[in-house]
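S.K.: pasting the structure only:
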């Protein structure tokens, strides 16, 4: 483990460090997006570039996603540095998404990160993807100690900080919310197009739905299960139930479940802030439901801006800054990716 | 019939408000499931009605399983309210972290024993947390809040029930959750028998592997 001090001396240290800004480049590649962000140590995001792999059909094929990431990596890194207006030699640290996520995708990002750090002789910081979502959300919305609902294609969890870590108060027992919506959309013959993710297509159709179809509502303690809901909705679709009504019912049922669990975590922790992040955070209906519970519990509600709510490099860069400035670095030998790295396994020494 | 005295709000939970009141000279708790504005009215009524009707039934059956639960005095379905006995005592959540080690062991064993009794009777609590258990002055542990419970004898449901207990211990009593959960399981095993207990443990491991991002799940 490099102590940050020694490492800094390896970098071309400016004559007067007070006048010079330090930069962290972050690489995100846990799933279908290859993102590169640049953050200053003071918390400014100077660049947030990405290139997404869009499957010709079906869901994410891990090997194809990794191939995509390898193809676009140098271009996205260059774009990010250009947007930030800095040169590679200006960087002080490289951060990368070390997990959780898809193995081939994560490995591609990690390889790029290792190469950059080795070439520039600067330290490497492996960042937990879920922690990064929460940290960028806090940075961008100004919340300090929220109950966070993180809902995406791969994750559905309610977390809050307690005793040195983000604890998981509720989570899915099976599939993620975004995955549930995406798979249903594909079953209905919808296609992922650039600028219109499947979730957005479901949201548009749901707005035209009128009848609430009864679907399984499964909350178990603070956890929930979405696989039965997906199966039931798909079965109704095959029986000829109108797609608009099903999209509406699927959203209402699934969102009510995550909202109920979030409300329970809010009542349990007595926190005063609610943060919504992840790709599904873009959904207006989900936002309105969470807004209601926040208000009922006298909490403020914030939605992370879409650019920083979906997977992005900036969140990795910023969390890399937090980790690095608190003495955390990842030696090359320990920079292997962790496919199932739970958020509650990560110490976050920068809080309190 | 409804001769409830004035209600005094005792606790505003996420799902229901709990009021203290007097009913025929008895100290009672009125649990009212408040309408949730975030969900569509039809779904809201369906969820509140279902839970209001099922909770008292499960609490009643729990007694037959020798698991102490508050007495049910009245159920008002349109209002989604349940009037029940007020239990004197303390939530296990409040006392577990500061109880001496020996007491902690005993309490956890006892909790495991009670969960075992529920499962043996085909009952699933559905929300096993230490906030939903009250230790009475005479040393009995009462289980409350059966709103997410169900009648189910499948190992799957029993496994999820215990998995939730484990999760609750991890988030609220993280300093010694492992020891607590071990004692819960040993109390549980004493009631259901080692063979049944082993099947449930295996199911818990399976449930955990099913979850995303669990270390032990191998590719």
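M.R.: Perfect, I can see it now. Remember, predicted model here, so these are calculated numbers, not experimental data.
S.K.: Following element in sequence after the lengthiest helix in chain B, please.
M.R.: For chain B, the helix with the greatest residue count under DSSP state H is helix B:41-64. Heading C-terminal from helix B:41-64, the first helix or strand you meet, by DSSP states H and E, is strand B:72-76.
S.K.: what lines up beside whichever helix or strand comes after that following strand in the sheet?
M.R.: Using DSSP H and E, the helix or strand that directly follows strand B:72-76 along the chain is strand B:81-85. Strands flanking strand B:81-85 in the sheet, each with its direction: strand B:26-33 (antiparallel), strand B:72-76 (antiparallel) (DSSP bridges).
S.K.: Near chain B, which residues of the stretch 51-200 of chain A are found?
M.R.: Within reach of chain B by CB under 8 Å from any CB of the partner chain, the stretch 51-200 of chain A has these residues: A:99-100, A:103, A:154-155, A:162-163, A:167-169, A:171-174, A:176. In this view, the C-beta of every residue, glycine as well, is placed from N, C-alpha and C.
S.K.: As a check, name the ranges of all strands in the chain.
M.R.: With no chain named, the answer covers chain A. For chain A, the strands defined by DSSP state E cover A:23-28, A:33-40, A:45-52, A:91-99, A:124-128, A:147-151, A:156-162, A:165-171, A:219-220, A:223-224, A:273-277, A:300-303.
S.K.: Switch to chain B, please.
M.R.: Under DSSP E, chain B gives strands at B:8-12, B:16-23, B:26-33, B:72-76, B:81-85, B:90-91, B:123-124, B:133-135, B:141-143, B:150-151.
S.K.: how about the third one: buried residues?
M.R.: Neighbour-count burial for strand B:26-33, with 16 or more other CB atoms under 10 Å in any protein chain shown as criterion, is recorded at B:28-33.
S.K.: returning to what we had before: any idea which of the residues of the stretch 51-200 of chain A next to chain B the model trusts least?
M.R.: Within those, residue A:163 has the lowest pLDDT, namely 84.
S.K.: number of nearby residues for that one?
M.R.: 8 (other CB atoms under 10 Å in any protein chain shown).
S.K.: again, but for residue B:41
M.R.: Count around residue B:41 with other CB under 10 Å applied: 11.
S.K.: check contacts around it.
M.R.: Residues counted as contacts of residue B:41 (CB atoms under 8 Å, 6 or more residues apart in numbering or on different chains) are residue B:35.
S.K.: Check the gap between the spatially closest residue to residue A:278 that is not a sequence neighbour and residue A:177 for me.
M.R.: Leaving aside its sequence neighbours, residue A:278 sits nearest to residue A:152 (CB to CB, 6 or more residues apart in numbering or on different chains; 3.6 Å). As defined by CB to CB, to the nearest Å, residue A:152 lies at a distance of 8 Å from residue A:177.
S.K.: Of these two, which one has the most company?
M.R.: Between residue A:152 and residue A:177, counting by other CB under 10 Å, residue A:177 is the more crowded of the two (31 against 25).
S.K.: Could I get the pLDDT score of residue 166?
M.R.: Answering for chain A, as no chain was given. Reading off the model, residue A:166 has pLDDT 94.
S.K.: um, chain B though
M.R.: 93.
S.K.: give the contact list for it.
M.R.: Residues near residue B:166 by CB under 8 Å, 6+ apart: B:177, B:181, B:204.
S.K.: what's the spacing between it and residue A:54?
M.R.: 40 Å.
S.K.: Could you count how many residues lie near the closest residue to residue A:226 other than its chain neighbours?
M.R.: Among residues not flanking residue A:226 along the chain, residue A:180 sits closest, at 4.5 Å (CB to CB, 6+ apart). For residue A:180, the count of nearby residues is 25 (other CB under 10 Å).
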